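In: starting from these lines, generate the structure:
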Amino acid sequence: MTENLKIQNTDNLVTIAEQFALQGKVTDVQPFGSGNINDTFLVTLDSVGEQNFVLQRINTQVFRQPQLIMQNMRIFTEHIQNRLQQTPLNRRWEVPSVLSTKDAQDYWRDANGSFWRAISFIKSSQSFDTMHDKSYATEVGYALGMFHNLISDLPPEKLADTLEGFHITPLYLQHYDEVLAKTSPRQSSEVNYCLQFVSDRKIWAYVLENARATSKLPLRLMHGDPKINNVMFDIATQQAVSMIDLDTVKPGLIHYDIGDCLRSACNPAGEETEQWKSVYFDTDICQGILQGYLSVAKAFLTENDYAYIYDSIRLLAFELGLRFFTDYLAGNVYFKVKHSEHNLARAIVQFKLTESIESQETSIRTIIQDMK
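Out: Sure thing, here's the model as predicted:
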């Protein structure tokens, strides 16, 4: 990571957490989740009311205007909460709330200038990094469909674009070309595989942006990062109850969400495997997710929306692989890594997944067609 400010000790974290603890005393702060961008902690309080909240240090090298993130989050979470009050669902569904500091601010800066925020904890819930059981597929799709449904009537222009260029594949290709021109990558079969893989798909990578430019796909609000581990499941009922990691909610194409959700959930091997031969796109999970998604999203989807679902699945796997590979070539400056080849390994996983998607195009298109 380029932002590498170290948290010195637990006492320091407790001091930071106390800025947001309006009720009760902070008794514990522990690392939480498996995100690649922000530093996230679970705070425990000795309170009779809310006993936990989530504390995060925003990576300001990635999110350069963090105040706008908080402004966006206030707007759309309040919109969703109003929708749920006006038309209650017949099942549990929650949206995380922004917590204020003791001086009524959305965030707090420490002595190092780091940007901290706190959000409510979704109680009695859990998330998964991979789809352990296909029975969860419909719930993952429902979660994304419900999230899209609840913000479908919020005009996109109400939110700031907090991460310009995010999920615009042609811009990632442009960045890739710039990085490649400045570097001499170490020659290996893995690197050569990635170089050839990207080269073979450059022209096709414009598919969604061309559809937007020709008004075939409209600008809407999107989640931006609907990976499976951002869906929270009720521990008792195993039903989806929330979508978290809301920093990237912004104007865009919902197809980036649909593709990213299916890309992450339909790869049983997970993003971090190095067993590349085990990577494949599971069409049974894909069918379950789309079934759950369309159960709540049919109301606002157009014929063109259906036409581009397959392209979105293929593109998002390719796009993430491209981003990982570019970061590897650049020296691992964006994603957190555990070793120097980590992003290269991640890129190969996504490219192998893309190959699996491409090999099953007819089956995937049939699944989509049959659900209309």
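In: just checking, Asn149 touches Leu301?
Out: No: contact between Asn149 and Leu301 fails when scored by CB atoms under 8 Å: they sit 10.6 Å apart. All C-beta spots, glycine's among them, are computed from the backbone N, C-alpha and C.
In: contacts for stretch 336-349, please.
Out: Residues outside stretch 336-349 that contact it (CB atoms under 8 Å, 6 or more residues apart in numbering) are 1, 36-37, 190-191, 193-194, 267, 269, 271-274, 276, 279, 321-322, 324-325, 327-328, 332, 335.
In: for the chain, identify the residue most remote from the centre.
Out: Val48 (32.6 Å; CA atoms, centre = their mean).
In: tell me the spacing between the closest residue to Asp110 other than its chain neighbours and Gly331.
Out: Nearest residue to Asp110, sequence neighbours excluded (CB to CB, 6 or more residues apart in numbering): Ile16, at 6.0 Å. Here Ile16 is placed at a distance of 30 Å from Gly331 (CB to CB, to the nearest Å).
In: so which of the two has more stuff around it?
Out: Taking neighbours as other CB atoms under 10 Å, Ile16 and Gly331 compare with Ile16 leading, 22 against 12.
In: which parts of the protein are strands?
Out: Here the chain has its strands, by DSSP state E, at 26-31, 39-45, 52-58, 98-99, 108-109, 115-120, 125-126, 220-222, 231-234, 240-243, 250-252.
In: quick check: which of those is nearest to Glu178?
Out: Closest to Glu178 of those, according to CB to CB: strand 250-252, at 22.8 Å.
In: model confidence at the residue nearest to Asp110, what's the number?
Out: Note on Ile16: pLDDT of 95.
In: wait, doesn't it sit right on Asp39?
Out: No: counting by CB under 8 Å, Ile16 does not reach Asp39; the two are 10.9 Å apart.
In: about what we covered before: could you dump the strands of the chain to CSV with mean pLDDT, distance to Pro155 and mean neighbour count?
Out: Listed next are these as CSV, based on pLDDT from 0 to 100; distance: least, CB to CB, whole Å; neighbours: other CB atoms under 10 Å:
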stretch, mean pLDDT, distance to Pro155, mean neighbour count
strand 26-31, 94, 37, 15
strand 39-45, 94, 30, 20
strand 52-58, 95, 25, 21
strand 98-99, 94, 21, 20
strand 108-109, 95, 30, 16
strand 115-120, 96, 24, 22
strand 125-126, 94, 30, 14
strand 220-222, 97, 8, 24
strand 231-234, 96, 26, 22
strand 240-243, 98, 20, 24
strand 250-252, 95, 9, 20
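In: in a markdown table, list those along with distance to Arg201.
Out: Output for those, formatted as a markdown table (distance: least, CB to CB, whole Å):
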| stretch | distance to Arg201 |
| --- | --- |
| strand 26-31 | 37 |
| strand 39-45 | 33 |
| strand 52-58 | 33 |
| strand 98-99 | 39 |
| strand 108-109 | 42 |
| strand 115-120 | 37 |
| strand 125-126 | 36 |
| strand 220-222 | 23 |
| strand 231-234 | 29 |
| strand 240-243 | 29 |
| strand 250-252 | 21 |
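In: so which of those comes closest to Thr162?
Out: Judging the strands of the chain by CB to CB, what sits closest to Thr162 is strand 250-252, at 5.6 Å.
In: which residues sit against that closest one?
Out: Against strand 250-252 from outside (CB under 8 Å, 6+ apart): 72, 156-157, 159-163, 166-167, 219-222, 224.
In: direction included, what does it pair against?
Out: strand 220-222 (antiparallel) (DSSP bridges).
In: contacts only, for the residue nearest to Asp305 when sequence neighbours are not counted.
Out: Residue nearest to Asp305 in three dimensions, not counting chain neighbours: Leu217, with 7.0 Å by CB to CB, 6+ apart. Taking CB under 8 Å, 6+ apart as the criterion, Leu217 is in contact with Leu208, Ala211, Leu253, His255, Asn304, Asp305, Tyr308.
In: how near is Leu217 to Gly292?
Out: 22 Å.
In: would you mind putting the CA coordinates of stretch 309-324 into CSV?
Out: Extracted in CSV, the C-alpha atoms of stretch 309-324 (Å, rounded to 0.1, in the frame of the first residue of the first chain):
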residue,chain,number,x,y,z
ILE,A,309,-25.5,-9.2,-18.5
TYR,A,310,-23.2,-11.9,-20.1
ASP,A,311,-20.8,-9.2,-21.2
SER,A,312,-20.7,-7.7,-17.7
ILE,A,313,-19.8,-11.1,-16.2
ARG,A,314,-17.0,-11.7,-18.6
LEU,A,315,-15.8,-8.1,-18.5
LEU,A,316,-15.6,-7.8,-14.7
ALA,A,317,-13.4,-10.9,-14.3
PHE,A,318,-11.1,-9.6,-17.0
GLU,A,319,-11.1,-6.1,-15.5
LEU,A,320,-10.1,-7.2,-12.0
GLY,A,321,-7.4,-9.4,-13.5
LEU,A,322,-6.1,-6.4,-15.5
ARG,A,323,-6.1,-4.2,-12.3
PHE,A,324,-4.2,-6.8,-10.3
